[in-house]
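[1] quick one, structure for this:
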Amino acid sequence: MNDKQSWYAIYTKPNAEKKLHARLIERGFESCLPMRWVEKVWSDRKKMIEEPVFKSYLFARCDDQGLHEIKALMGFSYFLRFGGYPVTIPDEQIEMLAQLNELHQEMEALPTQLVKGDRVRVLSGPLKGKIGFLVQHCGKYKVGVNIAELEQTLLVTLPESDLVKEEVAA
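    Take a look at the predicted model:
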């Protein structure tokens, strides 16, 4: 058994983030639920409501025993896993989220548009129009552009905003 406490990402039942967050705190767990204010528009009114930054996710700090206790709570669906084991979230990332939340910073979570292996087209700069593949090299994401004439692949670090996923023709 590991007595070391770590942060874990919990996927909740639909719309259960706030209730599960309260249950975790009631039972003595540290919990982080980043929230944001959004304007909801109905046919007859507009209203500012507070909602989770990450829909259906929250974070809890616990040891191995706590993992089993949390699984039994109402609203829990599953722990985010990799290779069959719950993924630990670095303390620095949770601290950053908590600080942003406390300062009421405007936050929005966007799904990562591009993933390693995607075929991409460069939108601007000297490589504009070139097609390459998103690769990871030395811990950084880069675009690999084939220079066929030299039989070489050029690895270039470009901002994601300069790339668009290229659909492969069927």
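[2] which residue ranges of this protein form helices?
    Taking DSSP state H to define them, one finds helices in the chain at 17-26, 64-71, 91-102.
[3] could you name the helices and strands sitting against the longest one?
    I take that to be helix 91-102. Under the contact criterion of 3 or more C-beta pairs under 8 Å, 6 or more residues apart in numbering; DSSP states H and E, helix 91-102 touches strand 6-12, strand 30-32, strand 57-62. Glycine gets a C-beta too; all of them are placed from N, C-alpha and C.
[4] off-centre distance for it?
    14 Å (C-alpha atoms, centre = their mean, to the nearest Å).
[5] hmm, who's touching that helix?
    With contacts defined as C-beta atoms under 8 Å, 6 or more residues apart in numbering, helix 91-102 is touched by 7, 32, 34-35, 53, 59, 61, 107.
[6] tabulate the residues you listed (TSV), appending distance to residue 14 and neighbour count.
    Output for these, formatted as TSV (distance: C-beta to C-beta, whole Å; neighbours: other C-beta atoms under 10 Å):
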residue	distance to residue 14	neighbour count
7	23	20
32	20	19
34	18	21
35	17	15
53	16	17
59	18	22
61	24	18
107	21	14
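[7] mean confidence for stretch 135-151?
    Averaged over stretch 135-151, pLDDT sits at 67.
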